[in-house]
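[1] pasting the sequence and the predicted coordinates here, then a few questions.
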Amino acid sequence: MRELIPLLFLGAFVAVPIALVVAFVQLRAKARRAAQEGPWSALAQQLGGRFEGGRIFVDRGAYQLTLDTKLVSVMQAASTPYYPDGGTFTEARVAFDPRGTTAILPSPDAVPLKLELHELSRIPALATLAELTRLPAGTRVFLGAKDARVVMHGAIVDASVIGAAMRSLDTLAQGVSASGPLAQIA
């Protein structure tokens, strides 16, 4: 029995800090979801979609719009081009049916085109989306063959920012649906 006492202290020394970290992360996530609920559900209603507890989903028939807050580990960030490092990111995404004929970019490259906000003028169709200027510094726009993403660092609660991202992608998808892929990249 006496041999178990050091093991109990060692177990408590390891288990208590781990439990505290898990509790802290859970409490922050709960507070973030509570702060997001009002602006996000209002935006979902405005766009004709639905708010699903931390996610907005809008089905337009030809394409789908989503808005998520993601907690990305450093290992996950290393395996994807969308996140520069680990942390919390807010991601707006528009996706066309992968089996359909509508495409955002003319070539089905596996690697998406990454653009910083100041580079958007390279693509005339994106330069006309004035709402993209409302997005915070460090925002990245990714264009793939069948999807486009706006990735912002942090858990964004500001309705004007998330609304600008979603409306810009919606306008982009409507243009691509009507006119075809973005062919001109300067």
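    Cool, the structure landed.

[2] CA atoms for contacts and neighbours, from now on please.
    Will do.

[3] any idea how far the residue lying closest to Leu126 once chain neighbours are set aside is from Pro106?
    In space, and not counting its chain neighbours, Leu126 is closest to Leu120: 5.8 Å by CA to CA, 6 or more residues apart in numbering. Using CA to CA, to the nearest Å, Leu120 is found at 18 Å from Pro106.

[4] okay, the two: which has more neighbours?
    Neighbour totals were compared for Leu120 and Pro106, and Leu120 leads with 20 against 15 (other CA atoms under 10 Å).

[5] so for the one helix or strand Lys114 maps to, what's the average pLDDT?
    Lys114 belongs to strand 113-116 when elements are defined using DSSP states H and E. Average pLDDT, strand 113-116: 86.

[6] please enumerate the strands of this structure.
    50-51, 55-59, 63-72, 87-96, 113-116, 140-143, 147-153 (DSSP state E).

[7] which of these sits most buried?
    For the strands of the chain, average neighbour numbers computed from mean count of other CA atoms under 10 Å are highest in strand 147-153, which has a mean of 24.

[8] show me the contact partners of that strand.
    82-83, 87-96, 103-104, 136, 138-143, 165, 169 (CA atoms under 8 Å, 6 or more residues apart in numbering).

[9] likewise stretch 14-32?
    Ala155.

[10] buried residues in it?
    Within stretch 14-32, the residues that qualify as buried are Arg32, counting by 16 or more other CA atoms under 10 Å.

[11] likewise for stretch 158-168?
    Buried-residue list, stretch 158-168, by 16+ other CA under 10 Å: 159, 161-168.

[12] from Phe57, how far out is the closest residue to Met166 other than its chain neighbours?
    When the adjacent residues along the chain are set aside, Met166 lies closest to Ala92, with 6.2 Å between them (CA to CA, 6+ apart). If you measure Ala92 against Phe57 using CA to CA, the figure is 10 Å.
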